[in-house]
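[1] Next come a sequence and a model predicted from it.
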Amino acid sequence: MRQRTVLIDALPERAGAYGSGYAVVAVDVIRATTTAVTAAATGRRVFPVASLEEARRLASQLPGALLAGEQAGERPADFQLDNSPAAFAARKDVHRPAVLLSSSGTRLVCAAAGADEISVACLRNVSAQVVRLAEAADRVAVLGAGTRGDFRPEDQLCCAWIARGLLDAGFAAADARTEELVERWRGAAVESIRESPSADFLRRTGQLADLEFVLAHVDDLAQTFLVEAGEVVPLGVPAFAAA
């Protein structure tokens, strides 16, 4: 019988450790993967990138593209949108592709390019992500984006919830750290992330709409999202959601 494993790790610099043989799940709850999932769920094409230069180059090649995101917490002057799930949820121009850049989350997605599969996940699709991985993967690395080298609480919580679902589905924890994080966040209330440094940043910068969006949209999407040829692509509705 095959042994299936799951581990939790963090930071873009660690993504390269999970190459061939791994299904990587990229998590940046506040805010890049929540933004990417929210935009892609509306039918918008979404392209995560790792640098300003790449963002501008790609946007110039995509008719009508929106430049969205931030660097060091600031929206570049020529970007139309911040790294904001609430802003994308409110827009009607879903025909316009989005080129998304963030300080950590999109860098993580791009740094994981050597993995067999890259999923983009957030609190919106924890259950759907677990179902798909339980059906399709043997070695899973759930990676939090982190901020300035810090594995933020909201990402720990989301990673732990995905890993816990896989443990319940018969996976084994690949290391003691994964076991510890799953236990630390078992039964935690999503409201606990209001105390995160990331939440403090949103308060200080007048972007509380994004924090409230995250807290109001937990496990409300029955979709998963793969990165294919540099684009976030939504997959079909899992069987559990259609039942």
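    Received, thanks. Here the structure is a predicted model, which is why all the values come from computation and not from measurement.
[2] right, and the helix or strand after whichever helix in the chain runs longest?
    When the chain is scanned for its longest helix (criterion: DSSP state H), the result is helix 153-168. Note on helix 153-168: by DSSP states H and E, the next helix or strand toward the C-terminus is strand 172-173.
[3] Near Arg107, how many other residues are there?
    Close neighbours of Arg107, defined as other CB atoms under 10 Å, add up to 23. The C-beta positions use only the backbone N, C-alpha and C, and glycine is treated the same way.
[4] cool, and the one 4 residues further on?
    By the measure other CB under 10 Å, the count of residues near Ala111 is 22.
[5] Ok, Leu62 next?
    With other CB under 10 Å as criterion, Leu62 counts 14.
[6] contacting residues for the closest residue to it other than its chain neighbours?
    Distance criterion CB to CB, 6 or more residues apart in numbering; nearest residue to Leu62, sequence neighbours excluded, is Pro97 at 4.8 Å. Residues near Pro97 by CB atoms under 8 Å, 6 or more residues apart in numbering: Arg44, Arg45, Val46, Phe47, Leu62, Gly64, Ala65, Leu66.
[7] wouldn't Ala68 be in contact with Leu100 here?
    Yes: using CB atoms under 8 Å, Ala68 is in contact with Leu100, at 5.2 Å.
[8] Roughly how far does the residue nearest to Leu62 sit from Gly21?
    For Pro97, the distance to Gly21 (CB to CB, to the nearest Å) stands at 32 Å.
[9] repeat for Val130
    Using CB to CB, we find Val130 at a distance of 20 Å from Gly21.
[10] same question, Ala40
    For Ala40, the distance to Gly21 (CB to CB) stands at 26 Å.
[11] between the two, which one's more packed in?
    More neighbours surround Ala40 than the other of Ala40 and Gly21, with 23 against 10 (other CB under 10 Å).
[12] can you pull the contacts of the more buried one?
    With contact set as CB under 8 Å, 6+ apart, Ala40 has these partners: Val46, Val120, Phe225, Val232, Val233, Pro234.
[13] what's the answer for Ala87, then?
    Each residue near Ala87 by CB under 8 Å, 6+ apart is listed here: Leu81, Ala209.
[14] what distance separates the start and the end of stretch 30-50?
    End-to-end span of stretch 30-50 (CA to CA, to the nearest Å): 17 Å.
[15] List the buried residues for it?
    30-41, 44-50 (16 or more other CB atoms under 10 Å).
[16] Show the residue spans covered by the helices in the protein.
    Ranges of helices in the chain, per DSSP H, are 32-41, 52-61, 85-90, 105-111, 126-136, 153-168, 176-185, 197-204, 208-216, 239-242.
[17] just so I know, which of those lies nearest Ala26?
    Proximity to Ala26 (CB to CB) singles out helix 105-111 among the helices of the chain, at 4.7 Å.
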